[in-house]
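K.L.:
Okay, sequence plus prediction incoming.
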Amino acid sequence: MMHDNLANMLESNFAMMQHHKYSLNDIESMLPWERRIYIEMLVNYVKEENEKMQAQERQFDPAQFRK
């Protein structure tokens, strides 16, 4: 999720502010390498959380109780 254009940068800023509660000042004061690391960490976190939710959905599938 690197910023190869302005739209990607703004979309990342928006996501970090809305979903992860960063302030715009926090984001803009980050060094470029620091920002890449935080974004990479957030991407990994979201992937792991999605995998956990999918595993829970498979474990508690209501269809298995209808038999």
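P.N.:
Ah, there it is.

K.L.:
Relative to the whole chain's centre, how far out is the longest helix anywhere in the chain?
P.N.:
In the chain, with assignment by DSSP state H, the single longest helix is helix 32-59. Averaged C-alpha coordinates place helix 32-59 at 6 Å from its chain's average position (C-alpha atoms, centre = their mean, to the nearest Å).

K.L.:
Packing partners of that helix?
P.N.:
helix 6-20 (3 or more C-beta pairs under 8 Å, 6 or more residues apart in numbering; DSSP states H and E). (C-beta placed from N, C-alpha, C; glycine too.)

K.L.:
Report the angle between the longest helix of the chain and helix 6-20.
P.N.:
Counting by axes from the mean of the first three to the mean of the last three C-alpha atoms, to 10 degrees, helix 32-59 lies at 60 degrees to helix 6-20.

K.L.:
start at 8 instead
P.N.:
Okay, residue one is now 8; in that scheme the one you just asked about reads as helix 39-66.

K.L.:
Buried residues in helix 39-66, which are they?
P.N.:
Residues of helix 39-66 classed as buried: 42, 45-46, 49 (neighbour count, 16 or more other C-beta atoms under 10 Å).

K.L.:
Name the nearest of these relative to Asn57.
P.N.:
Closest to Asn57 out of the buried residues of helix 39-66 is Leu49 (12.5 Å), distances taken as C-beta to C-beta.
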